[in-house]
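[1] Here is a sequence together with a model predicted from it:
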Amino acid sequence: MNTFKPTRALAAALIGLAMIGSARPALADVKDYEFQLVETTMRTGPNTVIAVRLINKATGRPVPDAVIFATRLDMTPDGMQEMATPVTPVPGGEPGTYRFRANVGMAGEWLLSLGAKVQGETGTVESRLIIRARR
C-alpha cells in the first residue's frame, strides 16, 4: 500500500519550480537583427567582394556565427531583375562580418538579398540591401 509522503511531494514541487524558473524567455526577435553594408559602393569586375555586417539593433553588437542560407545579387533597382549573378561566400573577416564574391559585370544599382538564421532565435533574418557599382 502506498502512503502519501508530504516531504516527497514537496521535493517534487520544488524540482518542478526550479525547472520552470530555469527556462529563459527569448531575449531577442529576428526583427532585432539587421544586415548593414560595410561599404555602399563597389567596383565592377569578376572578383568583386561585398562585405556585410549582421548586428543586433538593441545592443549594436555584431552577431557572429549566423548561418547565411539565401543570397542573391541582381539589378532589380535598375529595372533589370533578370541581370543576376551568383554569390559565393568568402571565408575570413571579423566576427559578425560576412563576405561574398560576385561577378559584377555592369555599373549601376544592385540588390543584395540575404536570408540568415541566428543561433538561439526562431525565424529568419531577411534583408535587401542596395549597392552602387561603378567602373
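    That came through, no problem.

[2] and the strand ranked longest in the chain, which residues are buried?
    Secondary structure of the chain read by DSSP state E shows that its longest strand is strand 45-56. Going by neighbour count (16 or more other C-beta atoms under 10 Å), the buried part of strand 45-56 is 48, 50-56. For glycine as for every other residue, the C-beta is placed from the backbone atoms N, C-alpha and C.

[3] quick one: the strands in this protein?
    Under DSSP E, the chain gives strands at 33-37, 41-43, 45-56, 67-75, 80-85, 87-90, 97-104, 108-117, 125-134.

[4] want to throw those into CSV with mean pLDDT?
    Below are the strands of the chain laid out as CSV (pLDDT from 0 to 100):
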stretch, mean pLDDT
strand 33-37, 97
strand 41-43, 97
strand 45-56, 96
strand 67-75, 96
strand 80-85, 96
strand 87-90, 96
strand 97-104, 97
strand 108-117, 98
strand 125-134, 97
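
[5] which residue is nearest the centroid of the protein?
    In the chain, the centroid-proximal residue (C-alpha atoms, centre = their mean) is Ala116; its distance is 3.9 Å.

[6] Ala66: what's its closest spatial neighbour, skipping adjacent residues?
    Ala116 (4.5 Å; C-beta to C-beta, 6 or more residues apart in numbering).

[7] wouldn't the one you found be in contact with Val125 here?
    Yes - applying C-beta atoms under 8 Å, one finds Ala116 in contact with Val125, separated by 4.7 Å.

[8] shared neighbours, these two?
    Residues touching both Ala116 and Val125 by C-beta atoms under 8 Å, 6 or more residues apart in numbering: 35, 54, 66.

[9] Run through the residues that contact the second one.
    What that stands for is Leu54. 33-35, 62-63, 66, 96, 98, 116, 118, 125.

[10] for Pro62, same thing?
    53-55, 94-97.

[11] Kindly recompute the last result at 10 Å.
    Pro62 makes contact with 36, 53-56, 94-98, according to C-beta atoms under 10 Å, 6 or more residues apart in numbering.

[12] Same question for Tyr98.
    Going by C-beta under 10 Å, 6+ apart, Tyr98 touches 35, 38, 50-54, 62-64, 66, 68, 71, 89-90, 114, 116.
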